[in-house]
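Participant: Provided below are the primary sequence and the corresponding predicted coordinates.
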Amino acid sequence: MEDNIEIEISETNRGNEQIIINKKHKFNFSFQRKDKSKIYRCTEYKTLNKCKSLIILNDKKEVLKYESLHNHLEKEIDVSISVAKHKIKEEIKKNSIPMDIKPKHIFNAVSQEMGLICPEYSTIRSQIIRNINKQFPPNIKGFDDIPIESEYYKTKRNENFMIFKNTDLIIFQSPFQAYLFSNYHKNIFADGTFYAAPKFSYQLFITRTYVGEFNMLYSTSISILKNKKQSTYETLFKEIKKNANKFRSNTLITTINFHCDFEQEHLTNNASESYNSYLNNIFPNKPLFYKLIYILKEEENLSYNDYQRRTKGNWKKKQKIFSATDEIKILIENYKSKEINLFYNGCNRNELIKLWKECLIDLNDININLK
């Protein structure tokens with residue numbers, strides 16, 4: 001038996017155990033003996049080569065016997081691909097939210113660990129995507145399947161995002177959105193889209209408010225409706241109002257002017273159409289429930305960061321409350337979120353390049369404004 005045998009544990013594409021020896025040869029599990037030791041045969045055993053090499057390990061993965069009778073060339077490249085796939089798969093399993101996973105980032109971390117023997121990203125990208133997709137929770141097929149509690153119901157700031165659910169309706173409103181609703185409730189704009197609603201639902205209903213001092217529209221709630229009954233809409237507005245009152249320190253919200261389709265002189269129909277078009281472009285097909293919630297949380301986080309920046313006036317030349325580091329950090333986080341949305345919508349390389357060129361332009365603007 002050879003001395004200094006280096007063993008790595010890996011697995012096949014089907015999830016079966018595989019042993020890597022000296023980064024040169026792969027052995028697949030064959031069978032387990034009565035003493036619980038396991039026999040692994042060379043992957044070339046069932047090919048034309050009919051390689052007779054085998055290795056026997058005890059239950060502590062210690063080598064009991066190794067017959068190195070290889071009658072074929074070493075397969076370092078093939079082995080490196082298997083090892084990389086396995087390491088990346090293990091990293092993916094550590095993340096409970098698969099949509100937060102950035103394949104290239106995981107690959108870069110694994111490649112640094114493996115060194116020069118790591119395969120190119122393009123050779124294993126498809127396998128990485130498949131492993132990520134396997135981590136997705138089971139798809140929701142009806143309102144009865146929607147859980148009351150889920151880790152997906154937390155915002156990026158670990159706050160509650162889902163505020164109400166019954167058999168006909170589920171409402172998402174973060175504390176930030178409730179604050180906007182309660183403090184800018186003079187005019188609330190409501191609109192719905194059918195295209196970005198999950199298959200099991202009737203409509204995705206969105207409320208937004210206009211913040212005059214920033215000349216900006218912000219979403220204040222997103223709801224998934226099962227039907228178009230009047231009682232469903234009445235419950236929706238009642239629950240949103242009740243939740244928003246928790247974030248109003250002086251008087252309770254009483255009168256609210258709801259406007260549909262954004263029909264106001266100072267706000268054109270484009271405001272509604274642009275947001276709905278944005279959602280429809282992200283989801284060319286009816287979205288999966290959890291993917292929809294993930295994207296809505298990303299959008300909520302972008303709005304939160306935007307509002308915080310504008311509130312603190314950190315883009316104004318005479319106000320320098322934030323440091324340049326704070327400015328850059330918030331901006332980069334915004335663009336990272338945009339990159340995630342592009343990636344999961346099947347973007348190409350040119351779109352990513354264009355996105356980060358825009359980021360560089362914004363970084364340059366920050367530098368000018370802070371001088």
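Facilitator: Perfect, I can see it now.

Participant: what's the nearest residue to residue 162 if we skip its chain neighbours?
Facilitator: Excluding the flanking residues, the one nearest residue 162 by CB to CB, 6 or more residues apart in numbering is residue 153, at 4.1 Å. All C-beta spots, glycine's among them, are computed from the backbone N, C-alpha and C.

Participant: I figured the one you found hits residue 164, correct?
Facilitator: No - using CB atoms under 8 Å, residue 153 is not in contact with residue 164; the gap is 11.4 Å.

Participant: which residues touch residue 300?
Facilitator: Contacts for residue 300 (CB atoms under 8 Å, 6 or more residues apart in numbering) come out as 155-156, 161, 174, 176-177, 219.

Participant: from residue 218, how far off is the residue nearest to residue 162?
Facilitator: Distance, residue 153 to residue 218, by CB to CB, to the nearest Å: 20 Å.

Participant: show the contacting residues for the residue nearest to residue 220 when sequence neighbours are not counted.
Facilitator: With sequence-adjacent residues excluded and distances taken as CB to CB, 6+ apart, residue 220 is closest to residue 181, at 4.1 Å. Shown in contact with residue 181 (CB under 8 Å, 6+ apart): 173, 188, 207, 209, 220-221, 240, 244, 247, 253.

Participant: of the contacts of residue 300, which pair is most distant in space?
Facilitator: 156 and 219 (14.9 Å; CB to CB).

Participant: mind jotting down where the helices sit in this protein?
Facilitator: 76-93, 103-114, 121-134, 175-183, 230-245, 270-282, 289-312, 324-344, 349-369 (DSSP state H).

Participant: can you give me the buried ones in the first one?
Facilitator: To tie it back to what came earlier, the one meant is helix 76-93. Going by neighbour count (16 or more other CB atoms under 10 Å), the buried part of helix 76-93 is 79-89, 91-92.

Participant: what mean pLDDT does stretch 330-346 get?
Facilitator: Mean pLDDT, stretch 330-346: 70.

Participant: tally up the residues packed near residue 121, please.
Facilitator: 14 (other CB atoms under 10 Å).

Participant: whoops, residue 175 was the one
Facilitator: When neighbours are counted by other CB under 10 Å, residue 175 registers 18.

Participant: just residue 303 next, same as before
Facilitator: By the measure other CB under 10 Å, the count of residues near residue 303 is 20.

Participant: contacting residues for it?
Facilitator: Neighbouring residues of residue 303 by CB under 8 Å, 6+ apart: 176-177, 218-219.

Participant: and for residue 82?
Facilitator: 10, 18, 20, 26.

Participant: distance of the nearest residue to residue 20 once chain neighbours are set aside relative to residue 37?
Facilitator: Nearest in space to residue 20, with sequence neighbours left out and distances taken as CB to CB, 6+ apart, is residue 8 at 4.0 Å. Using CB to CB, residue 8 is found at 19 Å from residue 37.

Participant: mind listing what residue 172 touches?
Facilitator: Going by CB under 8 Å, 6+ apart, residue 172 touches 153, 161-163, 221-223, 293, 296.

Participant: what subset of these is buried?
Facilitator: Buried among the contacts of residue 172 (16+ other CB under 10 Å): 153, 161-163, 221-223, 293, 296.

Participant: narrow these to those in strands?
Facilitator: 162-163, 221-223 (DSSP state E).

Participant: find the nearest non-adjacent residue to the residue nearest in space to the middle of the chain, please.
Facilitator: When the chain is reduced to its mean C-alpha position, the closest residue under CA atoms, centre = their mean turns out to be residue 99, at 2.2 Å. Nearest residue to residue 99 in three dimensions, chain neighbours excluded: residue 294, at 4.5 Å (CB to CB, 6+ apart).

Participant: and what of residue 92?
Facilitator: Excluding the flanking residues, the one nearest residue 92 by CB to CB, 6+ apart is residue 131, at 5.1 Å.

Participant: with neighbour numbers in mind, choose between residue 156 and residue 219.
Facilitator: residue 219 (21 against 17).

Participant: looking at the ones in strands among the buried ones among the contacts of residue 172, which one is closest to residue 120?
Facilitator: Among these, and counting by CB to CB, the member closest to residue 120 is residue 222, at 40.4 Å.
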